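Asker: Have a look at this prediction, sequence included:
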Amino acid sequence: SFTGNLYLKILFQELPNIRKHIKYCFSWIFQLPSLSCFAKLTTIFSRKIFGIMSYEKICVKNLRKNVYKVHMCRLKYDVVGYFNTKNVSLNPQDVLQSGKSICAGYASLFEEMCRIAGVHCMNLSGYAKGFGYKAGQTFKGDSNHAWNAVYLDGKWHLLDSTWGSGHVDECNNTFTFRYKEFYFLTHPALLINDHFPDNSNWQLLKPTVALKQFEKNMKYNSNFYTMGLLVAHPETPIIQTVNGKVTIVVEGCSPVLFKSELKRAKEYSLMTLKRNGMKLELYPQQMGTHELQIFAKPPEGSYVFILEYIIECSSIDTNVCFPKELNQPVGPNWFTEKQGILRPSQKDPVIHTNDGCCNLSFILSKDLDILPSLRSDSIRPSEDVRTRHILQHRQGNQINFKIHLPHAGNFAFCIFAKKKSDPGNYDYIFNYLICCPNTKVKWPMFPLMYSNWAEDYELVEPLAAFLPANCNIKFKLKLHSIAKAFVECEKECPLSLSKDGYWEGSCSTSGCREIYVMVLENTNHNYSYILKYEVESQ
């Protein structure tokens, strides 16, 4: 019995509609159980569709999606065979029937299928920066990999059906199917990044790359290119710190998100995101040799590994100490714009202040509720402390922040947001790094704001939550849609509306422990608390 007859029957029925279903028909070819079945089918195709277009053109058109994909659909990488090649058959028929092989088996099967299909193909061997490769590794002795070259449209092209079918997890030596079209007809200038043929002519480059240069060159994962990234600086895999710091820049042609990880070593890092890449400033906190891995992802998707550096750290910058809760990347960027936060008054990711004060503003392109938070390693994890050193005020679609730091040091100013119509939790958007070296800085919290404090209210004075005893204190606020306002202390002190639109007045703190600001809204007959102050002890 010929087990491929079912495939042939189904495919033969599709031939009258070959113009419409050509790709569908070819996808059946490479699920056939044997090369003889494959050969028989190619004969039928060459005979039946001769009047439509030449068989060679069909093979060229469909090689990308079919001959190449057989390795993803049918073959599993033989991890055990990789370590014991003597027991691995490289015969194409054996490879197809067993459903697994090593790279040489992949390449030989691909070569045989191309021969049957009438496509000129070569089996290449050489060095590859694949399974077990370490950044900066040198190569000598026998080749460690095999791939192919095919002659299409009058010229040679390179491909690697092994790497295109999936990858091996080096931690547990398991193979995972994952089709990667990047390794089909890969541009020679990109494939030389991790494939060095024994015969330099098969680099398909002029001038060719020397082995020493190949060893020194950075290895870019295929994900690096498929995400539209172009190059990383430095372009060598091993880099040394300069005064305890290394700087890495990745350039691309499309918006991508990044993250980094220094293996088994503490570090401080500052990543800034650009529309065409990113910049990473890294400060290892341990001397020695460390592995740095960089990951990337499109705006919608999961992070994948793109490249690795070996960091040789000969000194530590002890002056650098970033908050543990500083998230990467730092500063506003194209992704924050996508979230609806535009035109930042402070574009740099790091804010330097000597007096402990800073002001920020943004334009909101979406109807958002904003929740700011100040984080520092020395701040107690109290929500009051984290939020009451920030004064928020909204004018139309512009939002303003006044920040008074509680002390000197480095802080993460974090912004969370959610849609006003969304009852759910706030989502983290981005953060700044605020640096204040002045040890004399010690700003108090802003007054406690009750839920009736509207986002378009503005507090001008007093700004400190703690007021001096036995003093006359001036009050000035901008309150919208308010009928009356007063300060509640020992007695009620009314505030009057000035010509410039501010509610103003004063009260004495004598005999008081707490002072409140209350308002009567135009649409309400009840007074509401909006602010609370405390009076310092005498």
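Answerer: Nice, I can see it. Numbering: from 1, shown residues only.

Asker: residues near residue 254, how many?
Answerer: Residue 254 is flanked by 13 other residues according to other C-beta atoms under 10 Å. For the C-beta atoms, the positions are set from N, CA and C on the backbone; glycine is no exception.

Asker: Nearest spatial neighbour of it, chain-adjacent residues omitted?
Answerer: Leaving aside its chain neighbours, residue 254 sits nearest to residue 228 (3.6 Å; criterion: C-beta to C-beta, 6 or more residues apart in numbering).

Asker: show me the contacts for that neighbour.
Answerer: By C-beta atoms under 8 Å, 6 or more residues apart in numbering, residue 228 lies in contact with 252, 253, 254, 256.

Asker: Could you tell me which of those residues count as buried?
Answerer: When these are checked for burial by 16 or more other C-beta atoms under 10 Å, the buried set is 252, 256.

Asker: among the contacts of residue 228, which one has the lowest pLDDT?
Answerer: Within the contacts of residue 228, residue 254 has the lowest pLDDT, namely 88.

Asker: For it, grab phi and psi.
Answerer: Backbone geometry at residue 254, expressed as degrees, to the nearest 10, gives phi -150, psi 150.

Asker: what separates it from residue 296, distance-wise?
Answerer: 11 Å (C-beta to C-beta, to the nearest Å).

Asker: joint contacts of those two?
Answerer: Counting by C-beta under 8 Å, 6+ apart, the shared contacts of residue 254 and residue 296 are residue 227.

Asker: for the chain, what are the low-confidence residue spans?
Answerer: In the predicted model, the chain carries pLDDT under 70 at residues 1-74, 381.

Asker: Do you have the helices of it handy? List them.
Answerer: 5-14, 18-29, 35-48, 55-63, 70-74, 79-83, 92-98, 103-117, 161-165, 188-191, 211-216, 222-226, 334-338, 383-387 (DSSP state H).

Asker: Find the residue closest to residue 482 in space, skipping its chain neighbours.
Answerer: Sequence neighbours aside, residue 519 is the residue nearest to residue 482 in space, at 5.0 Å (criterion: C-beta to C-beta, 6+ apart).

Asker: and what of residue 295?
Answerer: Counting by C-beta to C-beta, 6+ apart, the residue nearest residue 295 is residue 303, at 4.2 Å.

Asker: Next: residue 233.
Answerer: In this structure, residue 233 finds its nearest non-sequential neighbour in residue 249, 4.6 Å apart by C-beta to C-beta, 6+ apart.

Asker: Which residue ranges of the stretch 251-400 of the chain form strands?
Answerer: Here the stretch 251-400 of the chain has its strands, by DSSP state E, counting those that start in this stretch, at 257-262, 267-274, 277-284, 288-297, 304-313, 341-342, 350-352, 357-364, 368-375, 390-395, 398-404.

Asker: now for the ones you listed, which one comes closest to residue 422?
Answerer: strand 368-375 (8.4 Å; C-beta to C-beta).

Asker: Centre of the chain to that closest one, how far?
Answerer: Here strand 368-375 is found 22 Å from its chain centre; the criterion is C-alpha atoms, centre = their mean, to the nearest Å.

Asker: How about stretch 295-313?
Answerer: Relative to the centre of its chain, stretch 295-313 is centred 7 Å away, using C-alpha atoms, centre = their mean.

Asker: Stretch 476-495 too?
Answerer: How far stretch 476-495 lies from its chain's middle: 49 Å, per C-alpha atoms, centre = their mean.

Asker: Could you pull out the buried residues of that stretch?
Answerer: Buried, per 16+ other C-beta under 10 Å, within stretch 476-495: 476-479, 482, 484-489, 493, 495.

Asker: Next: stretch 322-342.
Answerer: For stretch 322-342, by 16+ other C-beta under 10 Å, it's 322-323, 325-326, 328-333, 335-337, 339-341.

Asker: ranges for the strands of the stretch 101-250 of the chain?
Answerer: Under the criterion DSSP E, counting those that start in this stretch, the stretch 101-250 of the chain contains strands at 121-128, 145-152, 155-159, 166-169, 174-177, 195-197, 229-233, 238-240, 246-252.

Asker: so what secondary structure elements neighbour the last one?
Answerer: Yep, that's strand 246-252 we're talking about. strand 229-233, strand 238-240, strand 277-284, strand 288-297, strand 304-313 (3 or more C-beta pairs under 8 Å, 6 or more residues apart in numbering; DSSP states H and E).

Asker: please redo it, this time with the cut-off set to 10 Å
Answerer: helix 222-226, strand 229-233, strand 238-240, strand 257-262, strand 267-274, strand 277-284, strand 288-297, strand 304-313 (3 or more C-beta pairs under 10 Å, 6 or more residues apart in numbering; DSSP states H and E).

Asker: Give the pairing partners of it; include direction for each.
Answerer: strand 229-233 (antiparallel), strand 277-284 (antiparallel) (DSSP bridges).

Asker: And it, how far out from the chain middle?
Answerer: For strand 246-252, the distance to the chain centre is 14 Å (C-alpha atoms, centre = their mean).

Asker: ok and that strand relative to strand 257-262, angle-wise?
Answerer: 150 degrees (axes from the mean of the first three to the mean of the last three C-alpha atoms, to 10 degrees).

Asker: buried set for strand 246-252?
Answerer: 246, 248, 250, 252.

Asker: Stretch 292-308 now?
Answerer: Burial within stretch 292-308, assessed by neighbour count using 16+ other C-beta under 10 Å, is assigned to 292, 294, 295, 296, 297, 306, 307, 308.

Asker: show me the contacts for the second one.
Answerer: Taking C-beta atoms under 10 Å, 6 or more residues apart in numbering as the criterion, residue 294 is in contact with 221, 224, 232, 248, 250, 258-261, 271, 278, 280, 303, 305-309.

Asker: Go again with 7 Å.
Answerer: Shown in contact with residue 294 (C-beta atoms under 7 Å, 6 or more residues apart in numbering): 258, 260, 306, 307.

Asker: Okay, and the beta partners of it?
Answerer: Under the criterion used (DSSP bridges), residue 294 bridges to residue 260, residue 307.

Asker: Farthest-apart pair in the buried residues of stretch 322-342, please.
Answerer: 322 and 340 (26.9 Å).

Asker: what about residue 439, how many residues close to it?
Answerer: So residue 439, with other C-beta under 10 Å, has 9 neighbours.

Asker: One more: residue 352?
Answerer: Number of residues near residue 352 (other C-beta under 10 Å) recorded here: 11.

Asker: Please tell me how far the closest residue to residue 121 other than its chain neighbours sits from residue 159.
Answerer: Nearest residue to residue 121, sequence neighbours excluded (C-beta to C-beta, 6+ apart): residue 114, at 3.6 Å. Per C-beta to C-beta, residue 114 is found 10 Å from residue 159.

Asker: Then residue 129?
Answerer: 17 Å.

Asker: check contacts around the nearest residue to residue 204 once chain neighbours are set aside.
Answerer: Spatial nearest neighbour of residue 204, excluding adjacent residues (C-beta to C-beta, 6+ apart): residue 188 at 3.9 Å. Residues in contact with residue 188, defined by C-beta under 7 Å, 6+ apart, are 158, 203, 204, 205.

Asker: Mind giving me the PyMOL command for buried ones among these?
Answerer: Buried members of those, defined by 16+ other C-beta under 10 Å, are picked up in PyMOL with:
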select buried, resi 158+203+204
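
Asker: Can you name the two of the contacts of residue 188 that sit furthest apart?
Answerer: Those two in the contacts of residue 188 that are separated most widely, counting by C-beta to C-beta, are 158 and 205, at 10.4 Å.

Asker: which residues sit in contact with the residue nearest to residue 295?
Answerer: 259, 295, 296, 297.

Asker: The third one touches residue 227, doesn't it?
Answerer: Read it as residue 296. Yes - the criterion here is C-beta atoms under 7 Å, and residue 296 meets it with residue 227 at 5.6 Å.
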